[in-house]
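Trainee: Quick check, what structure comes out for this input:
(one chain, ligands or ions: 1)
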Amino acid sequence: MDWGLKNRLAHIIKPNDNRALMLAVDHGYFLGPTEKLEIPKKTIGPLLKYCDSLMLTRGVQRTSVNPTYPVPIVLRVSGGASIIGQDLSNEQITVSIKDAIRLNASALAMSIFVGAKHEHQTIVNLSKLVNDANEYNLPVLAVTAVGKEIGQKDARYLSLACRIAAEHGAHIVKTYYCDNFERVVDSCPVPIIVAGGKKIPERDALELAYNSIKGGAVGVDMGRNIWQSENPVPMIRAVHNIIHGNANVDEAYELYKKLCQPKPKSPKTKK
Ligand code: 5RP
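Mentor: Below you'll find the model as predicted:
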């Protein structure tokens, strides 16, 4: 592996423990102003120091992230469909490699829609993106998107989608957790990161993170289960404790609850 590629991958998957905590805030690219991400700057700011990397679009990066803050960027470069449009799988590559380099991206992210109407187009897009990105040693993260019509997220489907992403050259695959998740990991020759999915109770989301790591994922790319929590900072710190601190679910949940407690006021010193 060339130095540049290795170096960029190390921004995302921390080499000391081979783990990754990616904060996903790219939802607006097809969902518009998603709940609690209406003002991206407000959502992202307090969470930045607890994530290893930030997954977002160039629009949010340029408008809502302080360029002097050294957070590695996983730049979403696919899009072109919306939640109210005809077909979510009808995506193209929307960002040039030049612009990704201008934005100092550590990796590029795009979705493939295996089994959907535009499966062919999205898989070929992945291959072409890998061809272009390889010229500059930029890693590509493929998201195995499930779209509206592909309901099932079982190990059979996800193994198929992840393997196809890896075979077409993705350096990292982002997918969903499922029963028999080990099967998905074992048959995918590149690292897997798990998406958080829709908001669920905090303890359940911590369990998802824990099971993902236990099942062989290198980490999580979590969005809504962090910033749609009533307590986003305690939540990301609890997830961090699982990913990088080897905490179990109980330990992480205890930490979450402790961090939610109001801090005791320090006694006033007499003059
Ligand atoms: C959407 C994405 C999101 O980044 C991904 O789903 C992670 O966010 P969440 O944890 O909210 O599901 O890639 O296609």
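Trainee: My read is that I44 contacts G28, right?
Mentor: No. Using CB atoms under 8 Å, I44 makes no contact with G28, being 11.8 Å away. Where C-beta positions appear, they are placed from N, C-alpha and C, glycine not excepted.
Trainee: joint contacts of these two?
Mentor: Common neighbours of I44 and G28 are listed as V60 (criterion: CB atoms under 8 Å, 6 or more residues apart in numbering).
Trainee: Please say which of those two ends up with more neighbours.
Mentor: Of the pair I44 and G28, I44 is the one with more neighbours under other CB atoms under 10 Å, namely 23 against 17.
Trainee: Buried ones in the longest helix seen in the chain, by neighbour count?
Mentor: The helix spanning the most residues in the chain, taking DSSP state H as the definition, is helix 119-134. The neighbour-count check on helix 119-134 (16 or more other CB atoms under 10 Å) flags E119, Q121, T122, I123, N125, L126, L129, V130, D132, A133 as buried.
Trainee: Residue numbers of the protein in contact with the ligand?
Mentor: Within the chain, the positions adjacent to the ligand are 24, 26-27, 55, 111, 143, 145, 195-197, 221-225 by CB under 6 Å from any ligand atom.
Trainee: in the stretch 51-200 of the chain, which spans are strands?
Mentor: All strands of the stretch 51-200 of the chain, identified by DSSP state E, counting those that start in this stretch, fall at 53-56, 73-76, 78-79, 92-93, 107-112, 140-144, 172-175, 192-195.
Trainee: Mean pLDDT and mean neighbour count added to the ones you listed, as CSV?
Mentor: As requested, the strands of the stretch 51-200 of the chain are exported to CSV (pLDDT from 0 to 100; neighbours: other CB atoms under 10 Å):
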stretch, mean pLDDT, mean neighbour count
strand 53-56, 98, 26
strand 73-76, 98, 26
strand 78-79, 98, 22
strand 92-93, 98, 16
strand 107-112, 98, 27
strand 140-144, 98, 28
strand 172-175, 98, 28
strand 192-195, 98, 25
